[in-house]
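**Q** after the sequence you'll find the predicted model.
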Amino acid sequence: MTEAPIWHEMAGQEEAVAQVALAVKKRDEGVFHSWLITGPPGSGRSNLALAFATALQCPDQGCGKCHSCTLAKAGTHPDIAVLSTDKVQIAVAEIRELVKSAAFGSAMGKFKILIIEDADRMHATASNVLLKTLEEPPANTIWILCAPSEVDMLPTIRSRVRRVGLKVPSVDEVARLLIERDGVEPKLARQAAAEAQSHVGMARRLATSPEARARRRETLVAAIKIVDVSDAIIASEKWLDLARKDATALAKERDEEEKEQLLHSMGLTAADTVPPALRSELKALDDAQKRRASRSLRDALDRIFVDLLALYRDVLSLQLGGGVELVNEDLANELIDLAKNSTSPATIAKLDAIEEARLRISRNVKDATVLDALAASLRRG
Ligand SMILES: [Zn+2]
């Protein structure tokens, strides 16, 4: 039932996958019109939403290779609209626009699918606009909402959606996926899974891109080296530079892969001239990739915060002597040194400072300002 290639990415989420794959299998009998996918960050909410939408549109229930699947993956499928935001709140106008596009019906496939990635960022007015549609959904329109948990949604919306819950996959489950699917050597697979804290996409990058691993290490080493104010300034600049490099590298890999797949699905290679009739699809891909670029830096900064949190949690667990396995095992000596030269309350204050920085970035405070303040509060002691 869950053999279609589209589900392979969803490590450790057999139950959730089985639930949506069954809906795909029975799609000819009608599909429930609104779904809520819940799970902690990194568990793959958006990935599952997109895989579900892709599988519903694909003639083979999610082959991952056909024209429909390729467009879906590239974010240019005319019948799959994704609302993702890097703002604190989703504007009412954005929801209205989605509702309007739902009313037009589908262009290519049977369904019109609308995904709202951070549905918990809809406030009352936006939620109510959406609610009206969920109460009287147009035929063959499917809404897929994603949120950290059910309680993040208004009860009126909760009562109208079918819930799919994701769990955090274990380090072992992620490592197994890297070994079996990507052919990663077991020791590296385990380390990457631990360092990525079970974030599947990140774990694969760390395991397969030596550059990405080097950038992660540099991020942590810069933090470890902060003793005084001048070190803090160096670290802050370093992080911003690393985040930019990481965002560029990730976007480049992804953009090229998507373009190649799209050309392939049209029966072309990169060397061929694109016939005029197909140029609009390539243009749409190009536009989607440009729109995504601004979000990439934000994502790269967030990964830095996640890595720094793991670093100071390691320090804290050494200070508390819990005997827990370190996430950053390869920096064990440096971490032991940090633990000896500070106290657990000081480490907790550093963890708070990182969470605060994360929050400020999500509220659109200037990157350099946030990183400067963070680096200053990570000084030794
Ligand atoms: Zn397909």
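**A** Received it, and whenever you're ready, just let me know what you need. Residues are numbered from 1 along each chain as shown.

**Q** in three-state terms, label residue 371 for me.
**A** Assigned with DSSP: H, G, I helix; E, B strand; the rest coil, residue 371 falls in the helix class.

**Q** give me the three-state assignment for the spatially closest residue to it that is not a sequence neighbour.
**A** Leaving aside its sequence neighbours, residue 371 sits nearest to residue 236 (Cβ to Cβ, 6 or more residues apart in numbering; 4.2 Å). In short, each C-beta sits where N, CA and C put it, glycine included. For residue 236, the assignment made with three-state DSSP gives helix.

**Q** from the centroid of the chain, which residue is nearest?
**A** residue 42 (6.0 Å; Cα atoms, centre = their mean).

**Q** look up how far residue 103 lies from that one.
**A** Applying Cβ to Cβ, to the nearest Å, the value for residue 42 to residue 103 is 34 Å.

**Q** what do you get for residue 17?
**A** Taking Cβ to Cβ, one finds residue 17 at 31 Å from residue 103.

**Q** between those two, which is the more surrounded one?
**A** Taking neighbours as other Cβ atoms under 10 Å, residue 17 and residue 103 compare with residue 17 leading, 25 against 10.

**Q** so that one sits against residue 44, correct?
**A** No - using Cβ atoms under 8 Å, residue 17 is not in contact with residue 44, being 10.0 Å away.

**Q** who touches both of these two?
**A** residue 10 (Cβ atoms under 8 Å, 6 or more residues apart in numbering).

**Q** hang on, the earlier thing: mind checking pLDDT for the closest residue to the residue nearest to the centre of the chain other than its chain neighbours?
**A** Using Cβ to Cβ, 6+ apart and skipping residues adjacent in sequence, the residue nearest residue 42 is residue 199, 3.5 Å away. You'll see residue 199 listed with a pLDDT of 82.

**Q** what about residue 199, neighbour count?
**A** 22.

**Q** any idea how far residue 157 is from it?
**A** Residue 199 is 27 Å from residue 157, by Cβ to Cβ.

**Q** what of residue 341?
**A** 50 Å.

**Q** okay, these two: which has more neighbours?
**A** residue 157 (21 against 12).

**Q** what kind of secondary structure is the closest residue in space to residue 161 that isn't next to it in sequence in?
**A** Of all residues not flanking residue 161 in the chain, residue 36 sits nearest, at 4.0 Å (Cβ to Cβ, 6+ apart). At residue 36, secondary structure determined by three-state DSSP is strand.

**Q** ok, residue 82 touching residue 117?
**A** Yes - contact criterion Cβ under 8 Å: residue 82 and residue 117 qualify, at 6.6 Å.

**Q** quick check, the residue in the stretch 151-300 of the chain closest to the ion?
**A** Proximity to the ion, evaluated over the stretch 151-300 of the chain using Cβ to the ion, is greatest for residue 265 at 9.3 Å.

**Q** how near is the residue nearest to that residue when sequence neighbours are not counted to residue 77?
**A** Distances taken as Cβ to Cβ, 6+ apart put residue 70 closest to residue 265, at 4.1 Å, once the chain neighbours are dropped. Computed as Cβ to Cβ, the residue 70 to residue 77 distance reads 9 Å.

**Q** what does the protein put close to the ion?
**A** Residues of the chain lying close to the ion by Cβ under 5 Å from the ion are 58, 63, 66, 69.

**Q** which residues are in contact with the nearest residue to residue 331 once chain neighbours are set aside?
**A** The shortest distance from residue 331 to any non-neighbouring residue, by Cβ to Cβ, 6+ apart, is to residue 220 (6.2 Å). Applying Cβ under 8 Å, 6+ apart, we find residue 220 in contact with 307-308, 311, 328, 331.

**Q** JSON lines for those, including pLDDT?
**A** Shown next, in JSON lines, are the contacts of residue 220 (pLDDT from 0 to 100):
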{"residue": "307", "pLDDT": "94"}
{"residue": "308", "pLDDT": "96"}
{"residue": "311", "pLDDT": "96"}
{"residue": "328", "pLDDT": "94"}
{"residue": "331", "pLDDT": "95"}
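
**Q** which of those lies closest to the ion?
**A** residue 307 (35.2 Å).

**Q** got a list of what the closest one touches?
**A** Per Cβ under 8 Å, 6+ apart, neighbours of residue 307: 195, 216, 219-220.

**Q** change it to 7 Å
**A** Listed by Cβ atoms under 7 Å, 6 or more residues apart in numbering, the contact set of residue 307 reads 216, 219-220.

**Q** just to revisit the earlier point, tell me the confidence at the residue of the stretch 151-300 of the chain closest to the ion?
**A** 78.

**Q** what about it, neighbour count?
**A** 18.

**Q** and if you look at residue 243?
**A** Neighbours of residue 243 (other Cβ under 10 Å): 23.
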